[in-house]
Structures are given as structure tokens and as C-alpha cells.
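Undergrad: No letters, just coordinates:
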């Protein structure tokens with residue numbers, strides 16, 4: 001089935017408009033839970049960022065922060081993934097009630113998690129091989145990667161590493177486009193076998209990978225710019241307070257937390273509506 005970027009945008013925003021109350025409730029729960037988890041580290045951030053803090057205390061708090069961050073990030077990611085599955089179920093073709101969407105989302109969360117972990121491991125292996133090949137070619141060509149003093153060869157090495165990073169990003173985005181329908185396939189089609197779901201998503205996007213890639217890249221850039229502008233606007237007063245050696249006021253912290261939550265709600269709804277809209281297009285039976 002041919003893919004239409006304009007129809008994907010239109011359908012995605014139509015889904016958000018149609019179910020914004022229920023979707024907003026789920027997305028608010030995701031954002032609030034993630035924000036509360038990360039804000040539990042706030043006392044450590046304050047101790048680390050205050051310029052006049054005791055260096056030994058800063059070191060101790062930094063170590064505590066680094067030891068707690070992986071567990072907090074993992075918990076936040078699991079909650080976010082489960083919430084995304086609920087949103088995908090809510091936006092499904094049969095438009096289930098909120099309770100059924102939550103149940104369907106929870107049922108699909110584990111298969112989706114297994115699929116994502118499998119794809120992530122495969123992606124890391126592929127990225128390692130790609131970077132290794134590029135660096136190896138450079139080494140065999142005599143490019144001095146470890147040279148510190150600027151020179152033509154050093155600039156060539158930096159450029160080659162930058163090219164490798166860009167290549168990895170573009171390849172990752174392409175494969176993200178090929179597996180963009182993974183969540184709808186699992187949650188809305190009930191395909192709970194992770195590997196069958198991966199294969200089904202790959203088949204659905206066959207022939208449309210480049211178009212979906214361009215669509216997702218454009219959507220990612222737009223969301224990144226808007227989200228960065230909003231968080232930068234509300235986060236700047238916090239940074240200036242820390243830079244001045246002062247604790248930010250409770251009002252600033254609450255305002256920043258509100259900005260993070262509202263932005264997270266909107267981004268979550270759009271992020272889940274887009275794959276459902278794309279899946280709706282590609283899974284349609286062609287006219288006889």
C-alpha cells in the first residue's frame with residue numbers, strides 16, 4: 001500500500017483530537033510518573049551543581065547519583081513503554097474504551113519490550129561493525145586518529161569519525177522507519193510473538209521505507225525544536241540560579257516540572273498516534 005506523508009499527519013492528529021481526553025489521562029500518568037522518578041534525584045543534582053558546595057560532598061553525591069541513575073532510568077523507560085502501548089491500543093481501529101486500552105496495552109508491553117531489546121542489540125552490533133570498518137579503513141590508510149596537534153590528517157580523522165556518526169544515525173533512523181509499525185502490530189493486531197511481530201512490521205513497510213524515513217526524520221526535527229525551545233525557556237532560570245550559587249525557588253521548580261509534564265504529554269500522544277496512523281495506511285487491503 002503506498003504511503004502518504006500528508007495522510008499520516010492528518011490521521012495522527014485526527015486520532016489525538018478524537019481521543020484527547022483519554023489519551024491525555026494516560027500520557028499525563030506516564031509523564032507524571034517519569035517526572036517524579038527523575039525528580040527523586042533532584043537533591044543530588046542540587047548538591048552537585050551548587051558552586052559553593054563542599055567538594056567532598058559533591059563527589060559523594062555524584063557517585064550516589066551515578067549509582068542510582070541506571071535503575072531510575074530503566075524504571076522510567078519501562079513505565080513509558082507500557083504507557084505507549086496503552087496509547088497505541090487507545091488509538092486502535094476499534095477505538096476501545098479506556099479500561100480495555102489499558103489492559104491491551106499491558107498485555108502487549110512484554111512482547112514489545114522483548115522486540116525492542118532484540119532490535120536494540122542487533123542495532124548496537126551493526127553500529128559497532130560499521131564504526132569498526134570505517135576506523136579500520138582509516139588506520140590502514142595512515143590516518144592518525146590519536147594525534148592531538150591540529151593538522152590536515154588530524155582534520156581528516158575527525159571528519160571521518162563525524163561521517164561515521166552521521167552514517168550510524170541515518171541507518172538507525174532508516175531501521176526505525178522499517179519497524180515503526182511494531183507497536184500497533186503487537187498491541188492492535190494481537191501479534192504477541194516478538195519475532196513474528198518484527199517480521200510483520202518489516203513486511204508492512206516494504207517499499208515505503210524511504211518515504212517513512214523522511215517523514216519520521218522531519219517529525220523528529222520538528223518535535224526536537226519545539227521541545228527544546230519550551231524546556232530551554234523554562235529551564236534557563238534554573239541554570240542561572242545554580243550559576244549564581246543560589247537555590248532556585250519552589251515556584252521555578254514547579255514551573256519547570258509543569259513544563260516537562262505538559263511537553264511530555266503532547267509528545268507522547270503524537271509519538272503513539274503517528275505509528276498507528278502509518279499502520280492504518282499500510283495494513284489496508286488494496287482495492288480489488
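TA: Right, received. Where do you want to start? The shown structure was predicted, so the numbers you read here are calculated from the model rather than taken from an experiment.
Undergrad: wait, residue 216 sits on residue 179?
TA: No. Look at residue 216 against residue 179 with C-beta atoms under 8 Å: they stay out of range, at 10.8 Å. All C-beta spots, glycine's among them, are computed from the backbone N, C-alpha and C.
Undergrad: can you tell me the helix or strand for residue 191?
TA: Secondary structure here is read from DSSP states H and E; on that basis residue 191 sits in neither a helix nor a strand.
Undergrad: And the helices in this protein, which stretches?
TA: Taking DSSP state H as the test, the helices found in the chain are 5-18, 20-39, 42-49, 55-90, 98-140, 152-178, 182-187, 194-204, 209-243, 250-282.
Undergrad: so how far is the second one off the chain centroid?
TA: Using C-alpha atoms, centre = their mean, to the nearest Å, the distance from the centre of helix 20-39 to the centre of the chain it belongs to is 15 Å.
Undergrad: Show me what it is packed against.
TA: Judged by 3 or more C-beta pairs under 8 Å, 6 or more residues apart in numbering; DSSP states H and E, the packing partners of helix 20-39 are helix 55-90, helix 98-140, helix 250-282.
Undergrad: Buried by neighbour count: which residues of it qualify?
TA: Under the neighbour-count criterion of 16 or more other C-beta atoms under 10 Å, helix 20-39 has 22-24, 26-35, 37-38 buried.
Undergrad: do the first one as well
TA: Buried residues in helix 5-18, counted by 16+ other C-beta under 10 Å: 8-9, 11-12, 15-16.
Undergrad: same thing with stretch 171-187?
TA: If you call a residue buried by 16+ other C-beta under 10 Å, then stretch 171-187 has these buried ones: 175-187.
Undergrad: okay, those residues in TSV with pLDDT and distance to residue 264 next?
TA: Conversion of the buried residues of stretch 171-187 to TSV gives the following (pLDDT from 0 to 100; distance: C-beta to C-beta, whole Å):
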residue	pLDDT	distance to residue 264
175	87	25
176	87	20
177	90	23
178	91	26
179	94	23
180	93	20
181	94	23
182	95	21
183	95	18
184	95	21
185	95	25
186	96	23
187	95	20
